[in-house]
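A.B. asks: Provide a 3D model corresponding to the input given below.
(one chain, ligands or ions: 1)
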Amino acid sequence: MQRRDFIHKLGLGALAVGSAGTLTACGEKECAPSAAAPASGTAPATANHTAPIKWRMVTTWPKNFPGLGTGAQNLADLITQLSGGRIEVKVYGAGELVPAFEIFDAVSQGTAEMGHGASYYWKGKSEAAQFFAAVPFGLTAQEMNSWLYHGGGMALWAEVYAPFGLIPTAAGNTGVQMGGWFNKEINSLDDLQGLKMRIPGLGGEVLSRLGGTPVSLPGGEIFSSLQTGAIDATEWVGPYNDLAFGLYKAAKYYYYPGWHEPGTTLECFINKAAFEALPADLQAIVLNASRVANQDMLAEYTARNNTALRTLVEEHMVDLRPFPEEVLAELQRVSDQVVAEIADKDPLSAKVYASFRTFRDQVVAWSDISERAYLNARNR
Ligand code: CA
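C.D. replies: Residues are numbered from 1 along each chain as shown. Model prediction:
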């Protein structure tokens, strides 16, 4: 489907296309308020709006970090462009307005109107938040979007963020990540014993229960830690981001698949009071711009990972390997335990887990005879 058709299907055609005729680029001139099309008889609040509404978007990413930071910027540009400049969204990289892990509070308190991050960072706020980013042996990107948009997931996410005065949206996806970089071969479960690996979140907990030592490190410290031997292994994202970090210079073996992050959803969250102050058409633009950004980031990662993987293997002679079956089977067994334990934390986590688990167990049957069967057939 063409982008323009997609926007028409969203019912945003007149506002969306405008003179620029495209959604990707947002040159200063096209986005300037003076170039805005007049609002076509919507809410009275918009009719007399001359000054643009200025919103701030705080993020957990370095500004314009490839894929993630650029995805946040893309969302901000889309909102400005689709609204004909009636909302101007300015993006702040991690630490520019508030530190990365304070963006949730900043938007909750109204210091900024929007945030862009990943919900598993907020498990300290609500354990249930972990279900809306990545779950080990959970949903692929396609399945995640299906659960969120058409399987009840989005309503649950809204319920989890409501006590904080926040409205969440899915606003990007990395697709399935890589298993990570290792400075030794992983041939059996014994090779996980004592393994010091940078792997955050639920995946780290799984590694810990299998005898490894999970380490939390911000992105900027990964390369030097791996190179000096302070850690034995690391996961990051996938070929696109991993190549940019030069991780192939610090470890020889590149394992797949990313069992711990099978389709990581990035999020946008919006201050509820700021959102509710918008007229209905601008609310629709903000929500639907997120849907476009959500899909676009996945498309970008798929395209860039593909070319970056070839560079890693063909130019940098990376040793690309699948995890052994025995290792994957045990990782899955322990992952299912760790994820199920989240349900014991509080009633809302139990409710989200039940929905997530039911959806995963049911969608497996369809994914097996559709995506998996087709991919197997194509690769025969
Ligand atoms: Ca990762």
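A.B. asks: okay, buried residues for stretch 178-192 please.
C.D. replies: For stretch 178-192, the neighbour count (16 or more other C-beta atoms under 10 Å) marks 178-183, 186, 191-192 as buried. Using the backbone N, CA and C atoms, a C-beta is placed for each residue, glycine as well.
A.B. asks: and stretch 331-351, C-alpha only, in CSV?
C.D. replies: Provided in CSV are the C-alpha atoms of stretch 331-351 (Å, rounded to 0.1, in the frame of the first residue of the first chain):
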residue,chain,number,x,y,z
LEU,A,331,16.4,-20.6,27.7
GLN,A,332,12.7,-21.0,26.8
ARG,A,333,11.8,-23.2,29.8
VAL,A,334,13.4,-20.7,32.2
SER,A,335,11.9,-17.7,30.3
ASP,A,336,8.4,-19.0,30.6
GLN,A,337,9.0,-19.3,34.4
VAL,A,338,10.4,-15.9,34.8
VAL,A,339,7.6,-14.3,32.7
ALA,A,340,4.9,-16.2,34.6
GLU,A,341,6.3,-14.9,37.9
ILE,A,342,5.5,-11.3,36.9
ALA,A,343,1.8,-12.3,37.2
ASP,A,344,2.3,-12.9,40.9
LYS,A,345,3.4,-9.3,41.6
ASP,A,346,0.0,-7.6,41.5
PRO,A,347,-3.5,-8.0,40.1
LEU,A,348,-3.0,-5.8,37.0
SER,A,349,0.2,-7.7,36.1
ALA,A,350,-1.8,-10.9,36.4
LYS,A,351,-4.5,-9.5,34.1
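A.B. asks: show me which residues of the stretch 51-200 of the chain sit near the ion.
C.D. replies: Applying C-beta under 5 Å from the ion, we find that the stretch 51-200 of the chain lies next to the ion at residue 177.
A.B. asks: again but with the stretch 251-380 of the chain, I slipped
C.D. replies: Residues of the stretch 251-380 of the chain lying near the ion by C-beta under 5 Å from the ion: residue 261.
A.B. asks: how about the secondary structure of the residue in the stretch 251-380 of the chain that the ion sits nearest to?
C.D. replies: As assessed by C-beta to the ion, the ion sits closest to residue 261 within the stretch 251-380 of the chain, at 4.8 Å. Following DSSP: H, G, I helix; E, B strand; the rest coil, we place residue 261 in the coil state.
A.B. asks: got the phi and psi for it?
C.D. replies: phi -140, psi 80 (degrees, to the nearest 10).
A.B. asks: contacting residues for it?
C.D. replies: Residue 261 sits next to 134, 136, 174, 176-177, 203, 235 when contact means C-beta atoms under 8 Å, 6 or more residues apart in numbering.
A.B. asks: show me where the chain has strands.
C.D. replies: All strands of the chain, identified by DSSP state E, fall at 53-59, 87-92, 114-117, 166-173, 180-182, 196-198, 213-215, 233-234, 253-256, 265-271, 319-322.
A.B. asks: next, the angle strand 265-271 makes with the fourth one.
C.D. replies: Here strand 166-173 points in a direction 150 degrees away from that of strand 265-271 (axes from the mean of the first three to the mean of the last three C-alpha atoms, to 10 degrees).
A.B. asks: direction included, what does strand 166-173 pair against?
C.D. replies: strand 265-271 (antiparallel) (DSSP bridges).
A.B. asks: for the last one, same thing?
C.D. replies: Strand 319-322 has the following sheet partners, assigned by DSSP bridges: strand 253-256 (parallel).
A.B. asks: if we can go back for a sec, which of the contacts of residue 261 sit farthest apart?
C.D. replies: 136 and 174 (14.8 Å; C-beta to C-beta).
A.B. asks: okay, those two: which has more neighbours?
C.D. replies: residue 174 (28 against 23; other C-beta atoms under 10 Å).
A.B. asks: now that one, nearest residue through space, not along the chain?
C.D. replies: Nearest residue to residue 174 in three dimensions, chain neighbours excluded: residue 264, at 4.7 Å (C-beta to C-beta, 6 or more residues apart in numbering).
A.B. asks: list the backbone torsions phi and psi for that neighbour.
C.D. replies: Note on residue 264: backbone dihedrals following degrees, to the nearest 10 are phi -70, psi 120.
A.B. asks: which residues touch it?
C.D. replies: Residue 264 sits in contact with 118, 133-134, 173-174, 177, where contact means C-beta under 8 Å, 6+ apart.
A.B. asks: so what's residue 118 up against?
C.D. replies: Applying C-beta under 8 Å, 6+ apart, the residues near residue 118 are 60, 133-134, 264-267.
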